[in-house]
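A.B. asks: below is the sequence, then the predicted model.
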Amino acid sequence: QVQLVESGGGLVQAGGSLRLSCAASGRTVGSYFMGWFRQAPGKEREFVAAISRGAISTYYADSVKGRFTISRDNAKNAVYLQMNSLKPDDTAVYYCAADPRGLMTLVQGTRLEVWGQGTLVTVSS
């Protein structure tokens, strides 16, 4: 099974950018659909973005469409989330997730096979 570790979170001003990374170990991520979720204080965890195994297809939550970009490098066993034009509402712990079953299964976020520990993103106004 693959293990996931997120990095790249931090404090940024509104309008700024951050790039999150998700490093995988234990098994190649090439066989997994990958995604990002987030959980803001006092709120449920929500889907952010997902990418297919060969990076042909991507899917985004409406709230981040046009501002965030998910990408992957299977050779480096990594997935990324480029976040631009950040807003205070983007403040959350961001989690990387992996599942072999399908892109929409990942989007639904139910009983996914692997989760990372999360990285905190704080956007100040």
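C.D. replies: Alright, I've got the coordinates.
A.B. asks: the spatially most central residue of the chain is in what secondary structure piece?
C.D. replies: The centroid of the chain falls nearest to W36 when counting by CA atoms, centre = their mean (2.1 Å). Assigned by DSSP states H and E, W36 belongs to strand 33-39.
A.B. asks: sheet partners, orientation included, of that strand?
C.D. replies: Paired neighbours of strand 33-39 in the sheet (DSSP bridges): strand 46-51 (antiparallel), strand 92-99 (antiparallel).
A.B. asks: now do the same contact list for M34.
C.D. replies: By CB atoms under 8 Å, 6 or more residues apart in numbering, the contact set of M34 is C22, A50, I51, I70, R72, V79, C96, A97, A98, L106. Just so you know, the C-beta spots here come from the backbone N, C-alpha and C atoms, and that holds for glycine as well.
A.B. asks: correct me if wrong: the last one contacts W36.
C.D. replies: So the one you mean is L106. No: L106 lies out of contact with W36 (CB atoms under 8 Å); the separation is 9.8 Å.
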